[in-house]
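Student: return a 3D structure for these sequence lines:
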Amino acid sequence: MQFLQAFRTARRGGKRLIGGVAPESAEALDELREMIEAGTIRTVISRRYPLDEIVEAYRFVDQGHETGNIVIKFE
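Tutor: Prediction:
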């Protein structure tokens, strides 16, 4: 369901959405790093939460408001 919501959001905004599981080899991760540094791909972050607000982060996701990733900061 969340993937479909992200897909609809990307289509409305004229963006291209690519999803999947990241490969685990060192070579593949180096290639991903190079693509990110070149600006070929980028991550989409909806919100960042400190660890002590993880309950609020889960509520935000459960309500279906996120259009990207949620980041939990361990500080």
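Student: going forward, measure contacts between C-alpha atoms and count neighbours the same way
Tutor: Fine.
Student: which residues in this protein form helices?
Tutor: 2-12, 26-38, 54-62 (DSSP state H).
Student: mind listing what's buried in the longest one?
Tutor: It stands for helix 26-38. Under the neighbour-count criterion of 16 or more other C-alpha atoms under 10 Å, helix 26-38 has residue 32 buried.
Student: so which elements touch that helix?
Tutor: Helices and strands touching helix 26-38, by 3 or more C-alpha pairs under 8 Å, 6 or more residues apart in numbering; DSSP states H and E: there are none.
Student: hey, C-alpha coordinates of it in CSV?
Tutor: Extracted C-alpha coordinates of helix 26-38, given in CSV (Å, rounded to 0.1, in the frame of the first residue of the first chain):
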residue,chain,number,x,y,z
ALA,A,26,30.8,-4.1,-2.1
GLU,A,27,31.0,-3.5,-5.8
ALA,A,28,27.3,-2.8,-6.1
LEU,A,29,27.4,-0.5,-3.1
ASP,A,30,30.3,1.4,-4.6
GLU,A,31,28.2,1.8,-7.8
LEU,A,32,25.2,3.1,-5.8
ARG,A,33,27.5,5.6,-4.0
GLU,A,34,28.8,6.9,-7.3
MET,A,35,25.3,7.3,-8.6
ILE,A,36,24.2,9.2,-5.5
GLU,A,37,27.3,11.4,-5.7
ALA,A,38,26.7,12.1,-9.4
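Student: what bits of this protein have low per-residue confidence?
Tutor: 1-23 (pLDDT under 70).
Student: domain assignment for it?
Tutor: 1-42, 43-75 (automatic domain parsing).
Student: tell me the buried residues in the last one?
Tutor: Applying a neighbour-count criterion of 16+ other C-alpha under 10 Å, one finds 57, 66, 67, 70 buried in domain 43-75.
Student: is it true that the last one touches residue 50?
Tutor: Pointing back at residue 70 there. No - applying C-alpha atoms under 8 Å, one finds residue 70 not in contact with residue 50, separated by 10.8 Å.
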